[in-house]
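Need a 3D model of the following:
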Amino acid sequence: MSYIPHGKKWQQIFINESSRESFLHESANLPFWQLTSRQMCDLELILNGGFNPLNGFLDKKDYESVLTRTRLNCGWIWPMPITLDVDQEFADIAVEAGQVVLCDPQRKPLGLMQIKSCWLPDKKQEAEAVYGTVDEAHPAVDYLFNKSKSVYLGGPVTGIDLPKHYDFPELRLTPKALRNHIERQGWDKIVAFQTRNPMHRAHQELTIRAARDLDAALLIHPVVGMTKPGDIESYVRVRCYQKLMNHYPAHRTALSLLPLAMRMAGPREALWHALIRKNYGATHFIVGRDHAGPGNDSSGKPFYGPYDAQEMVASYQTEIGIEMVPFKEMVYSATSKSYKPRNEVQENEEVLSISGTEFRRKLRTGEDIPEWFSYSDVISELRRHCPPRAQQGFTIFLTGLSGAGKSTIASALSMRLRAMGKNLTLLDGDEVRNHLSSELGFSKEHRDLNIRRIGFVAQEITRHNGIAICAPIAPYISVRREVRQMVESCGGFIEVYVSTPLDVCEKRDPKGLYKKARQGVIKGFTGIDDPYEAPQQAEVVLNTATMSVESSVEMIISRLEELGYLVESSEQAQSEVVKKQVVTSADDIVTA
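All right, here's what the predicted structure looks like:
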């Protein structure tokens with residue numbers, strides 16, 4: 001079955017403006033669902049036509065067909081399950097009401113959804129079908145298993161309003177608006193380029209060549225919804241794209257922003273991206289090696305093969321009506337002082353390159369970045385957001401069993417850093433429980449919520465170039481990973497695993513909690529009848545059974561210096577030299 005062209009056989013239904021007030025009044029008594037960030041992105045693209053042919057969230061039949069056939073139940077190609085996940089309590093209310101109002105975080109109604117299906121998904125089956133793995137190192141698998149709700153609702157949506165964006169509104173073209181722009185420009189071929197990262201000279205050369213080879217106009221179409229955790233935030237990237245647009249031919253290039261929540265699903269994601277760009281008016285789509293891949297799995301192997309995405313899009317391109325353009329690797333020839341495809345480089349040519357890791361290191365340390373790699377105005381924008389680490393905020397997150405020594409180390413570390421002139425906030429586990437989470441119990445749900453609250457506060461401190469020291473037990477890997485992702489979006493995150501063994505912690509038992517847990521007075525106590533999931537890749541590992549508080553603090557300080565977050569001034573360094581000289585002299589006197 002051929003793909004439905006946007007605007008011909010499909011149109012999203014919005015309520016009439018004349019009946020808007022009465023509609024809102026009548027819907028006031030219906031259940032309201034406050035959309036998550038991902039659901040907001042999905043709904044916007046359902047309503048504006050970016051997800052054509054979808055007219056709502058998938059029902060159960062379409063969901064199952066997408067998993068098994070990469071198609072909707074009617075036969076149209078669609079590779080990604082777009083579902084509305086809710087908790088069981090709300091699902092029961094929604095099914096009884098028959099329809100629900102979907103609203104933004106400010107409770108502004110955006111759509112009315114008819115409930116056609118309600119089911120409990122097999123999330124393991126979904127992960128294997130869509131992402132090809134159940135490894136939680138995959139960000140979408142982690143989201144599916146640890147963040148999404150347990151029940152799926154499916155059904156058509158009537159639009160009330162599109163989500164309102166106050167950042168770069170002139171660049172947020174809907175499919176209809178972008179198609180109108182393309183028509184006004186008289187472009188008959190449009191090659192689209194997908195990105196979730198800043199673009200540099202190699203990307204520019206690649207896209208210009210692709211457009212020139214096809215005699216096509218160029219659409220730079222970056223994702224500004226949810227991307228991979230740890231990516232540079234969209235505000236910064238868009239400013240970089242705007243700077244880069246000054247170096248493109250204005251009469252043949254367009255920049256538009258895509259409010260997509262990526263899943264990093266590799267081949268399926270690439271096909272999904274191609275369909276979306278078709279809806280926005282593109283005739284060609286550049287697909288890179290390992291397009292939308294999340295990197296390596298827990299064993300260090302790539303989740304997807306380098307050409308899997310290109311092969312999948314190529315196999316469907318005739319049916320969906322958009323041609324796949326393979327990404328050409330561009331390298332800089334110092335000999336010819338120009339970029340060229342790697343396969344065109346001669347044996348005697350000198351090729352210069354900077355890896356992504358090396359580029360981030362240069363940003364972190366403030367080193368010069370050559371003009372051949374990226375334009376100076378683009379680098380200036382990145383430096384505003386990514387100053388050298390010594391000027392960034394960061395979070396030190398200590399985790400370990402009760403009695404391991406976290407609070408003692410955190411307190412001593414805070415004193416040491418304050419003595420170095422640092423402003424910081426200490427978020428001790430017990431203090432947070434008293435002042436931020438006093439109403440919470442000790443169920444897994446409440447423990448995770450407590451850690452998320454700590455993570456939110458730490459993120460805001462870090463965002464404003466401060467230092468947060470956190471010392472909760474934080475027994476679960478998934479929520480610690482979530483907090484890391486939150487903080488790393490705006491600064492540094494250093495996980496410190498205080499690995500003091502259980503028997504040592506239990507002997508200390510400063511609060512008598514282990515004794516109560518052994519007696520059954522306390523239920524679900526970490527280390528006794530609730531497991532502690534040890535970190536696998538902590539930046540620092542300490543064992544206070546064999547290490548003093550002083551040496552533990554010194555190890556953390558050394559690691560911070562090694563990572564570049566602490567750089568001693570010449571005055572501080574000289575003070576340390578004098579201090580060591582005085583200590584040495586005193587020891588000599590005592591020895592004598």
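
Can I get stretch 19-37 in CSV? Just the C-alpha atoms.
As requested, the backbone C-alpha atoms of stretch 19-37 are provided in CSV (Å, rounded to 0.1, in the frame of the first residue of the first chain):
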residue,chain,number,x,y,z
SER,A,19,-17.5,26.5,19.2
ARG,A,20,-14.2,26.7,21.1
GLU,A,21,-15.6,28.3,24.3
SER,A,22,-18.5,26.0,24.6
PHE,A,23,-16.3,23.0,23.9
LEU,A,24,-13.8,24.0,26.7
HIS,A,25,-16.7,24.6,29.1
GLU,A,26,-18.2,21.1,28.4
SER,A,27,-14.8,19.4,28.6
ALA,A,28,-14.0,20.9,32.0
ASN,A,29,-15.6,17.9,33.7
LEU,A,30,-13.6,15.3,31.8
PRO,A,31,-10.4,13.7,33.1
PHE,A,32,-7.3,15.7,32.4
TRP,A,33,-3.9,14.1,31.6
GLN,A,34,-0.9,16.3,32.0
LEU,A,35,1.5,15.3,29.2
THR,A,36,5.1,14.4,29.8
SER,A,37,7.8,16.0,27.7
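
Give me the contacts around that stretch.
The set of residues external to stretch 19-37 that reach it, using CB atoms under 8 Å, 6 or more residues apart in numbering, is 15, 43, 84, 86, 90, 93-94, 97, 99-105, 107, 109-110, 112, 160, 225-226, 261. From N, CA and C alone the C-beta is placed, and that goes for glycine too.

Can you say which of the residues you listed are buried?
Buried residues within these, counting neighbours by 16 or more other CB atoms under 10 Å: 15, 43, 84, 86, 90, 94, 99-104, 109-110, 112, 160, 225-226, 261.

Inside strands: which ones of those?
Members of the buried ones among the contacts of stretch 19-37 lying in strands (criterion: DSSP state E): 84, 86, 99-103, 109-110, 112.

May I see the domains of this protein written out as residue ranges?
According to automatic domain parsing, the chain is divided into the following domains: 17-159, 170-385, 389-572.

which of these has the lowest average pLDDT?
Between these, the lowest average pLDDT goes to domain 389-572, which shows a mean of 90.

now the strands for the stretch 101-250 of the chain?
Secondary structure of the stretch 101-250 of the chain by DSSP state E, counting those that start in this stretch: the strands cover 109-114, 117-119, 151-159, 190-193, 217-220.

Out of the ones you listed, the one nearest Asp167 is which?
For these, distance to Asp167 was read as CB to CB. The smallest value, 17.1 Å, belongs to strand 217-220.

who's in contact with that closest one?
178, 182, 185, 187, 189-193, 195, 199, 207-208, 210-211, 241, 245, 248, 252-256, 277, 280-282.

let's see 6 Å
Counting by CB atoms under 6 Å, 6 or more residues apart in numbering, strand 217-220 makes contact with 187, 190-193, 207, 211, 252-255, 282, all of which sit outside it.

Turn those into CSV, columns for neighbour count.
Formatted as CSV, the entries for these read as follows, by neighbours: other CB atoms under 10 Å:
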residue, neighbour count
Trp187, 18
Ile190, 26
Val191, 23
Ala192, 29
Phe193, 25
Thr207, 25
Ala211, 24
Arg252, 16
Thr253, 17
Ala254, 22
Leu255, 19
Ala282, 26
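
quick one: stretch 363-373 to chain centroid distance?
Computed by CA atoms, centre = their mean, to the nearest Å, the chain-centroid distance of stretch 363-373 equals 25 Å.

What residues of that stretch count as buried?
Of the residues in stretch 363-373, those scored as buried under the neighbour-count criterion (16+ other CB under 10 Å) are 363-364, 369, 372-373.
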